[in-house]
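> Below are the sequence and a predicted model for it; my questions follow.
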Amino acid sequence: MTGPVSEARRRDVIDALRRGTVPAAGLDLLAVGLDRFSDAMDDDIRTAARGGAAFHAVRGDYGSGKTFFARWLAERAKRAGLATSEIQISEAETPLHKLETVYRRLTERLTTSTHPPSALRAVIDSWLYTLEEEVLDAGEVDESDTAGLAVAVDGLMEQRLATVARTTPAFAAAIRGYRQAQQAGDLATAEALIAWLGGQKSVAASARRAAGVRGDLDHFGALGFLQGLLSVLRDSGHPGLFVVLDEIETLQRVRGDVREKGLNALRQLLDEIDSGRFPGLFLIITGTPAFFDGQQGVKRLPPLDQRLATDLATDPRFDSPRAVQLRLTGFDLDRLSELGRAVRELYAGAARHPNRVRETVDDTYLDELARALTGELGGKVGIAPRLYLRKLVQDVLDRVDEHTDFDPRRHYALTLNAGEMTDVERNAARPGSAADVALDLP
C-alpha cells in the first residue's frame, strides 16, 4: 500500500470488508502478492491505449483470486483511461457460443472512470460532442449556423465510421439514426436505438425503420459491433477497452456440441485479436486448471489449445507475467497474515485510537487469527480471505477501536455460522470444529 489514501476511499473499502463483500474500488490497497504482475500488466494496458491489443488467460483453482485479479487489473486499466466490462460466462445467462449475448452483457456492464454501468449512451453522447467540437475548432462552420454544423458533424461522423461501415453498416446506420432522433427531439426513438446498439432484443420496429436497420444482432454482427464500439471509445477519450470473461470453465458443464461451439467462438475471438481487428482491446479470460488442461476444456479444440499453450512445468516462482497463461497459486498463511496487516494499517489510518488498534491487534494476533480461521475451514487457505477479513474488521478491529478494555485474546472466540458463509465455505468447514457446532452439522 503506497501513497496517501483518502478518507472516503478508505471507508468504502473497510465497509465492504465488514459486509463480507469485494470492494467496488480500492483493490490495489488489498493486492497482496500481485506486485509481480504489475509491470507486465501496465505494459499491456499501454499497448491497448496506443491502439494495440492484448490477451491473457488467468488460471487458478477456486479461491485462488482470479476474480479479484481481474477486478484489480480493471481498476488499473480504468485509471489509464480505458473503459472496462466484466462478463460472467454461464450456460443460461451468457453462453460463450452466442457472441451477440456476450456483446450485450459487455455493453450492459460497460463502465468508465466517470460513468457507472451501462455507460454506452454516455460514451456515444461524448463521442458526438467531440465531433462537434472538432468541427468548431476547424473554424469552417460558425457555431450559430445550426444546419451547417449538423451537416459538417454528419460528414465527420461518416469519415470516422467508414472502416466500421464497410464490415458492419448497421452499427454506423444506428448511430446516424440516434443522432437524427436526438436532433428531432424524438427521445423514444433515440432510446430504442441506443438499446439496439447495445445488442438488446425486442427494440421497436418503428425505431429500427427510422435508422434503416433490420432484425436483431447476430453472432457474426457482434464482432463488428465490438469493432465499432472500440472506434467510438477511442474518439471519445477512452483509448481502449478492458474486457473480462470470467468463469469460462462453465463450458465444461454444457452439452458437447454447445461446448465445442463455445470453444470455437473463443478461438475465433483470439484470431480476430491477433489479426488486428480490435485496436485497443485488452481481453482477459479466467478459468480453472481443469479447463485449460482437461479433455472437457481447451484440449477438446487443438487449435485453441495451441494458441493458449504455456509451459507451466517449472516452479511457479519462475512464471513469466508476460506469458499467455498467468498462473495464480492462491493464498498461503503468510500471505493471509500479510493481507491482515494491510487491512489493519488501512483501518488504523481512520481509527479513533490508531495506536491501540496497532498494539492490540499486533502481527502475532493476525497470524493466530489466520491459523484459527483456516483450521475451521479444513486448512483451505484459498477460501479463507473473505471470512478472515470480515471477522478481522467487524469482530476485532471495530471492538478494539470502540472499547478501551476489549482484548481479542481474552474476550473474543472465533465462531462461524451458516448465515455468513458461502456454499464453498460451508462445504469446507472442518468436521468436529466450532464451526460445525454453529452450523449444526452431524
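Good, I have the coordinates. Residues are numbered from 1 along each chain as shown.
> Please compute how far the helix or strand harbouring Ala181 lies from its chain's middle.
Take DSSP states H and E as the rule and Ala181 turns out to sit in helix 169-183. Here helix 169-183 is found 29 Å from its chain centre; the criterion is Cα atoms, centre = their mean, to the nearest Å.
> Now do it: everything it contacts.
With contact meaning Cβ atoms under 8 Å, 6 or more residues apart in numbering, helix 169-183 is reached by 124, 128, 150, 153-154, 157-158, 161, 164-165, 187, 189-190, 193-194, 196-197, 207, 210-213, 221, 224-225, 228, 232. Just so you know, the C-beta spots here come from the backbone N, C-alpha and C atoms, and that holds for glycine as well.
> Tell me where the protein has strands.
Listed in chain order, the strands of the chain (DSSP state E) span 54-59, 83-88, 241-246, 281-287, 325-327.
> Pro4 is nearest to which of those strands?
strand 83-88 (24.5 Å; Cβ to Cβ).
> Need the mean per-residue confidence for the closest one.
Strand 83-88 shows an average pLDDT of 96 in the prediction.
> now the angle between strand 241-246 and that strand, please.
10 degrees (axes from the mean of the first three to the mean of the last three Cα atoms, to 10 degrees).
> what inclination does strand 83-88 have with respect to strand 281-287?
Using the same axes, to 10 degrees, strand 83-88 lies at 20 degrees relative to strand 281-287.
> What are the buried residues along strand 83-88?
Residues of strand 83-88 classed as buried: 83-87 (neighbour count, 16 or more other Cβ atoms under 10 Å).
> Adding distance to Gln325 as columns, could you present the residues you listed in a markdown table?
Shown next, in a markdown table, are the buried residues of strand 83-88 (distance: Cβ to Cβ, whole Å):
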| residue | distance to Gln325 |
| --- | --- |
| Ala83 | 25 |
| Thr84 | 21 |
| Ser85 | 22 |
| Glu86 | 20 |
| Ile87 | 19 |
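> what sits up against stretch 337-351?
1, 5, 7, 10-11, 13-14, 17, 29-30, 32-33, 331, 354, 357-358, 361, 363, 366-367, 369-370, 385, 388-389, 392-393, 397, 401.
> Let's see which of these end up in helices.
Counted as lying in helices by DSSP state H, out of the contacts of stretch 337-351, are 7, 10-11, 13-14, 17, 354, 357-358, 363, 366-367, 369-370, 385, 388-389, 401.
> Only whichever of those residues are buried, select them in ChimeraX.
Per 16+ other Cβ under 10 Å, the buried members of the ones in helices among the contacts of stretch 337-351 correspond to this ChimeraX selection:
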select :10,13,14,17,357,358,366,367,369,370,385,388,389,401
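> where does the protein have low pLDDT?
1-3, 430-442 (pLDDT under 70).
> quick one: contacts for Phe282?
Per Cβ under 8 Å, 6+ apart, neighbours of Phe282: 44-45, 47-48, 53-55, 77, 82, 240-243.
> and if we set it to 6 Å?
44, 48, 54, 242 (Cβ atoms under 6 Å, 6 or more residues apart in numbering).
> Using TSV, lay out the residues you listed together with neighbour count and distance to Leu346.
TSV is the format used below for the contacts of Phe282 (neighbours: other Cβ atoms under 10 Å; distance: Cβ to Cβ, whole Å):
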residue	neighbour count	distance to Leu346
Asp44	25	28
Ala48	25	30
Ala54	20	31
Phe242	26	25
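> Now render the residues you listed as CSV, adding distance to Pro117.
Output for those, formatted as CSV (distance: Cβ to Cβ, whole Å):
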residue, distance to Pro117
Asp44, 23
Ala48, 20
Ala54, 22
Phe242, 14
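> now the strands of the chain as CSV including distance to Gly375?
Shown next, in CSV, are those (distance: least, Cβ to Cβ, whole Å):
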stretch, distance to Gly375
strand 54-59, 28
strand 83-88, 32
strand 241-246, 30
strand 281-287, 28
strand 325-327, 27
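> sorry, back to before: which of the contacts of helix 169-183 count as buried?
The buried subset of the contacts of helix 169-183 (16+ other Cβ under 10 Å) comprises 124, 128, 150, 153, 157, 161, 164-165, 189-190, 193-194, 196-197, 207, 210-211, 213, 221, 224-225, 228, 232.
> Taking the centroid of the chain, which residue is nearest it?
Glu86 (3.7 Å; Cα atoms, centre = their mean).
> Which residues belonging to stretch 298-307 are considered buried?
Buried-residue list, stretch 298-307, by 16+ other Cβ under 10 Å: 298, 300-301, 304-305, 307.
> Show me the helices in the stretch 101-250 of the chain, by range?
Secondary structure of the stretch 101-250 of the chain (DSSP state H, counting those that start in this stretch): helices located at 120-138, 146-160, 162-167, 169-183, 187-197, 205-211, 219-235.
> and of the ones you listed, who's closest to Ala418?
helix 120-138 (40.1 Å).
> How about Gly215, nearest residue that isn't a chain neighbour?
Arg208 (7.9 Å; Cβ to Cβ, 6 or more residues apart in numbering).
> Near that neighbour, how many other residues are there?
By other Cβ atoms under 10 Å, 21 other residues sit near Arg208.
> measure the residue lying closest to Leu369 once chain neighbours are set aside to Gly33 for me?
Closest residue to Leu369 in three dimensions, ignoring its sequence neighbours and counting by Cβ to Cβ, 6+ apart: Leu392, at 6.5 Å. Distance of Leu392 to Gly33, computed by Cβ to Cβ, to the nearest Å: 18 Å.
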